[in-house]
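J.: sequence first, predicted coordinates after that:
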Amino acid sequence: MKNKIVWGLAVAGLAGMVGGATAAEGDRLSGKAKFYTCAGCHGIEGYSNTYPTYHVPKLAGQHADYVVSSLKAYATGARVHGSMEGNAVTLSDKDLQDIGAYVAGFRALNVRNAVTGNVANGKKKAETSGCSGCHGEDGNGASPNPRLAGQYENYLMKVLEDYKTGARKNAIMNGLAGMLSKEDIHDLAAYYASQARGLSIVQDD
Ligand code: HEC
Ligand code: HEC
């Protein structure tokens, strides 16, 4: 486990530099215009997906290259979600870069989500399971690992369940989530969701 964590940190550091360069290629203003169709779901506080019910993930402040790679995964069907596939499949590489730059460019707001899991247990679990090595101690780790801080608790629970069952595929996350109990997942989600400095919904002043 220790090696895995060190490796994760090294990869996070290297890719962080690449991520910065990628973000710089995108044009925020064009990205804002291209995000128009997305804002109906991603720009509304507490907006929910139905069946199953969970909040549409927050994107503001997310790493640009993770946003790009997620959209590519929906477009190719590597990651499955009906409406996201439809939204992603029409985007060009330039659109992806611009949207990535736009959403990544938001500052963290000092807002704390209400959570239902046990935050203290989640914090401990994040340390002992090695999550912090890649996602950062508070969930604001470097690219390519997605930021988790401030994300909705029920979305984090949903995707950890998806990794656990294999519905969402990523070799590292499938292995780690497979070892988590339902309670671990709830508490980890609560811990990251309860961070004040983190992701927010995409909304311009
Ligand atoms: C009908 C509502 C809806 C619309 C419109 C929509 N999304 Fe989404 N989006 C979702 C939901 C729900 C998810 C979570 C799906 C899942 O569980 O994988 C999601 C996931 C994502 C993710 C992955 C987030 C993460 O943390 O992994 C990205 C990136 C994203 N959307 C970007 C966009 C962009 C860009 C557009 C516009 C081109 C868009 N979405 C339009 C509902 C929507
Ligand atoms: C070796 C690095 C590494 C470790 C350790 C790690 N993760 Fe991840 N995590 C990633 C990467 C990379 C992704 C993006 C994978 C993908 O595209 O599906 C990810 C994705 C996620 C997501 C989905 C985020 C989103 O917006 O949809 C969650 C939640 C998550 N990890 C939680 C955890 C938790 C909890 C732990 C500890 C049990 C953990 N991770 C350990 C690298 C790591």
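T.: The structure has been received and is ready for your questions. Ligands and ions are numbered 1, 2, ... in the order given.
J.: so which residues on this protein come close to ligand 1?
T.: Residues of the chain found near ligand 1 (CB under 6 Å from any ligand atom) are 37-38, 40-42, 49, 56-57, 59, 67, 70-71, 79, 81, 83-84, 87, 99, 146, 158. Placement of C-beta: from N, CA and C, glycine included.
J.: pretty sure Cys131 contacts Leu176?
T.: Yes - contact criterion CB atoms under 8 Å: Cys131 and Leu176 qualify, at 7.5 Å.
J.: of those two, who's got more company?
T.: Ranked by neighbour count (other CB atoms under 10 Å), Cys131 and Leu176 place Cys131 first, with 25 against 19.
J.: contacting residues for that one?
T.: The contact partners of Cys131, taken as CB atoms under 8 Å, 6 or more residues apart in numbering, are Lys125, Leu176, Leu188.
J.: ok, now Leu59?
T.: In this structure, Leu59 makes contact with His42, Val67, Val103, Leu199, Ile201, Val202, judged by CB under 8 Å, 6+ apart.
J.: show me which pair in those residues is furthest apart.
T.: Val67 and Ile201 (14.1 Å; CB to CB).
J.: distance of Asp162 from ligand 2?
T.: 9 Å (CB to the nearest ligand atom, to the nearest Å).
J.: what's the pLDDT at that residue?
T.: Here, the pLDDT recorded for Asp162 equals 97.
J.: Asn170 is in contact with Ala78, correct?
T.: No - with contact defined as CB under 8 Å, Ala78 does not reach Asn170; the gap is 9.4 Å.
J.: now do the contacts for the residue nearest the centre of the chain.
T.: Nearest residue to the geometric centre of the chain (CA atoms, centre = their mean): Pro146, 4.5 Å. Taking CB under 8 Å, 6+ apart, we find Pro146 in contact with Gln62, His63, Tyr66, His135.
J.: which ones among those residues are found in strands?
T.: Among the contacts of Pro146, no member is found in strands (DSSP state E).
J.: could I get those residues as TSV with neighbour count?
T.: Converted to TSV, those look like this (neighbours: other CB atoms under 10 Å):
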residue	neighbour count
Gln62	24
His63	25
Tyr66	19
His135	22
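J.: now the two most distant members of those.
T.: Maximum distance among the contacts of Pro146 (CB to CB): 12.4 Å, for Gln62 and His135.
J.: tell me, what's touching these two both at once?
T.: With CB under 8 Å, 6+ apart as the test, Gln62 and His135 both reach Pro146, Arg147.
J.: ranges for the strands of the protein?
T.: Using DSSP E, the strands of the chain run over 48-49, 54-55, 109-110, 197-198.
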